[in-house]
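In: here's my sequence, what's the structure:
(2 chains)
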Amino acid sequence: MHSESDAATENHPEKQPLNFIHQIIEEDNRTGKFGSRVHTRFPPEPNGYLHIGHAKAILLNYGTAVKYNGKFNLRFDDTNPIKEEEEYVQSIIEDVKWLGADYEDRLFYGSDYFEQMYEYAVQLTRKGKAYVCDLSAEEIKATRGTLTEPGQESPYRKRSIAENLDLLERMKAGEFPDGSRTLRAKIDMASPNLNMRDPVMYRILHAPHHRTGNKWCIYPMYDWAHGLEDSIERITHSLCTLEFEDHRPLYDWFLIELDAYRPQQIEFARLNLTYTVMSKRRLLELVKKRYVNGWDDPRMPTISGMRRRGYTPEAIQNFAERIGVAKRDSTVDVALLEFSVREHLNKIAPRFMGVLNPLKIVIDNYPEDREELLEAINNPEDLSAGTRQVPFSRELYIEADDFMEDPPKNFFRLAPGREVRLRYAYFITCTNVIKDSDGNITEVHCSYDPATSGGDSPNGRKVKGTLHWVSARHARTAEVRLYDRLFNVENPGGEHFLEQLNPTSLTIVDKCYLEPALAEQAVPGFRFQFERLGYFCIDPDTTPTKLVLNRTVTLRDTWAKIAQKQQK
RNA sequence: UCGGGGAUCGUCCAAUGGCAGGACUGCGGCCUUUGGAGCCGUCAAUCUUGGUUCGAAUCCAAGUCCCCGAGCCA
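Out: All right, here's what the predicted structure looks like:
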């Protein structure tokens, strides 16, 4: 996965600084804390689709394992059957693989360990460190205390070990209704760390589980299960996000009381990105309320959305490396993500010409019945990609933006009397502008210089602009979906985050024109560049009779900036 | 208010007592058959106040601000 960066590192032997996690790991390796073993994992709950924030975590865990010749597990944290679905399991597996994080044969489920977890619970109960509590959810809440006041001990806290064991057994056997009892750890109701105030370990839930079916009617809480899962898999370094820092003492308490193997948890800051939201809750809301067309809508920051939009795994890997990892809350500029895709696509994407907003050009001195095939380079960044033939004829489409009747000073494109180059074709000069009765330009007439075939002038004559074009007679058509940022504000959030949505995040161009060579190799997922416009890919909505394109990202556009400044 | 974390260019990450550096963005230039790419340059930061030290982003003290925590969610 790190081929590019590895090459870069070899060329520039100055050592890269270690992030704080790798510093800890190297220290652990030095002291032999885990016998120099490194084993990480990515533990998603299958209750939603993965997003770019998860990609950071996946790549950090996987990259760490690779860096230290260790292992990496994928493990589903599936302890709540009410929220979890098989559909999410499948999407997560697909996304993790696509990102290049290879877990080999180590795909696990927390639910695989339910039996072992139960035995651990019995062990703790037998030790007098856990008890069955008959308090209702409301009562537990009421006796937990507050941030500044201690909680009160449950009246059931002093039950005998024998009674606890019996009750726990019967909870498991299904004798009690949902919510009637819980198994709680007996720790300290006065702890300033609320997680230590006799946390619930098991709740009764008569609900089928996507893996274990009806076998269980008590399910472990995350705080009870998670540390055990890492322990059972002999994970050395449990990387997780900041909000679990307060839970670490609890995980350690469980494992110490159980005398079980104990991983080192290290917390890092989750990723935030400008102009989007990252919480599963908000993403789900966008999907459910149809503000977007599903989890894989190309405007979503989900892995599946980005894949559909045309992002490459390499682009995301490079992005993840660039943003680094630290403990402070941060919001990465989405421009860095866009830079990462452009950088990769620039190297690998074949070029084509396509016109989004057509303006018809007629070349008056080019014979009506003549057509020719012109050779075009597929990728100037990679000559091994070869060349292709592009048909040329008398009537063409160019981008409407590439013509101005009354151009400002630094407009280099077509204008009355102005000569420009048609990419890989000829120099043309604008001779006439045709308008309809409303004054709209309907057609532009030009003459061409036959001596400039291929786009070079024999007399060294220079031209300022180069335009892309498509022969009208040969043009194929497609629907193009243009995406813009999902939100209008840099840091969307709060109760009314839906009001911050960008109403024009999706623009559909019903009919764009493109050269035949593209239509011939257009299969869903195919990524390419429309010269001067941006990177695009073929959307899976494509049918044999209709091509659908997604714009991944525009090219950097210097003219757009100049034009914007002139407007002000 | 209690506990846990955090504060370095606009943004993200480095510097681990010794010249505050890199990337993105912005700006300027060179180059260009993509106003793309590439190349070069440039603006731009140590939360505050004290202290220790020859020397502090780094160590100490006090303060300020931000984030997380009171699910039978994860």
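In: pLDDT weak spots in the stretch 451-568 of chain A?
Out: In the predicted model, the stretch 451-568 of chain A carries pLDDT under 70 at residues A:568.
In: apply 50 and report the result again.
Out: By pLDDT under 50, the stretch 451-568 of chain A contains no weakly predicted segment.
In: could you list the residues of it in contact with RNA strand B?
Out: A:454-456, A:465-468, A:529, A:531-532, A:555-559, A:561-562, A:565 (CB under 7 Å from any atom of the strand). (Each C-beta comes from the backbone N, C-alpha and C, glycine too.)
In: please pick the buried ones from those residues.
Out: Listed as buried from these are A:G455, A:G465, A:T466, A:L467, A:H468, A:Q529, A:E531, A:R532, A:L555; burial here means 16 or more other CB atoms under 10 Å.
In: next, format these as a markdown table and append secondary structure.
Out: Written out in a markdown table, the entries for these read as follows (DSSP: H, G, I helix; E, B strand; the rest coil):
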| residue | secondary structure |
| --- | --- |
| A:G455 | helix |
| A:G465 | coil |
| A:T466 | strand |
| A:L467 | strand |
| A:H468 | coil |
| A:Q529 | strand |
| A:E531 | coil |
| A:R532 | coil |
| A:L555 | coil |
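In: closest one of these to RNA strand B?
Out: Closest to RNA strand B out of these is A:G455 (2.2 Å), distances taken as CB to the nearest atom of the strand.
In: how about the helices in the stretch 201-350 of chain A?
Out: Assignment of helices within the stretch 201-350 of chain A using DSSP state H, counting those that start in this stretch yields the ranges A:222-232, A:248-258, A:280-288, A:303-309, A:313-323, A:334-348.
In: by mean pLDDT, flag the weakest helix or strand of chain A.
Out: Taking mean pLDDT, DSSP states H and E as the measure, helix A:3-11 is the helix or strand of chain A with the lowest mean score, a mean of 35.
In: after that one comes which helix or strand?
Out: For helix A:3-11, the following helix or strand on the C-terminal side (DSSP states H and E) is helix A:20-31.
In: any residue of that next one up close to RNA strand B?
Out: Yes: Helix A:20-31 is in contact with RNA strand B by CB under 7 Å from any atom of the strand, via A:F20, A:Q23.
In: tell me what that helix is packed against?
Out: Other helices and strands packing on helix A:20-31, by 3 or more CB pairs under 8 Å, 6 or more residues apart in numbering; DSSP states H and E, are helix A:52-67, strand A:237-241, strand A:264-268.
In: partners of the last one in the sheet?
Out: With DSSP bridges as the test, strand A:264-268 is paired with strand A:237-241 (parallel).
In: outside of the strand it pairs with itself, list whatever touches it.
Out: Counting by CB atoms under 8 Å, 6 or more residues apart in numbering, strand A:237-241 makes contact with A:21, A:24-25, A:28, A:38-41, A:57, A:60-61, A:64, A:227, A:230, A:263-270, all of which sit outside it.
In: now list the buried members of these.
Out: Among the contacts of strand A:237-241, those buried by neighbour count (16+ other CB under 10 Å) are A:21, A:25, A:28, A:38-41, A:57, A:60-61, A:64, A:227, A:230, A:263-268, A:270.
In: re the thing from before, and the helices and strands packed on helix A:20-31: which comes nearest RNA strand B?
Out: Within those, the stretch nearest RNA strand B is strand A:264-268; the backing value is 7.0 Å (CB to the nearest atom of the strand).
In: between that closest one and helix A:20-31, how big is the angle?
Out: Computed by axes from the mean of the first three to the mean of the last three CA atoms, to 10 degrees, the angle separating strand A:264-268 from helix A:20-31 equals 160 degrees.
In: output strand A:264-268 as PDB, nothing but the C-alphas.
Out: Taking Å, rounded to 0.1, in the frame of the first residue of the first chain, the C-alpha atoms of strand A:264-268 are listed here in PDB:
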ATOM      1  CA  GLN A 264      -2.100  -1.000  25.600                       C
ATOM      2  CA  GLN A 265      -4.800   1.400  24.600                       C
ATOM      3  CA  ILE A 266      -3.700   4.600  22.800                       C
ATOM      4  CA  GLU A 267      -6.100   7.300  22.000                       C
ATOM      5  CA  PHE A 268      -5.900   9.700  19.000                       C
END
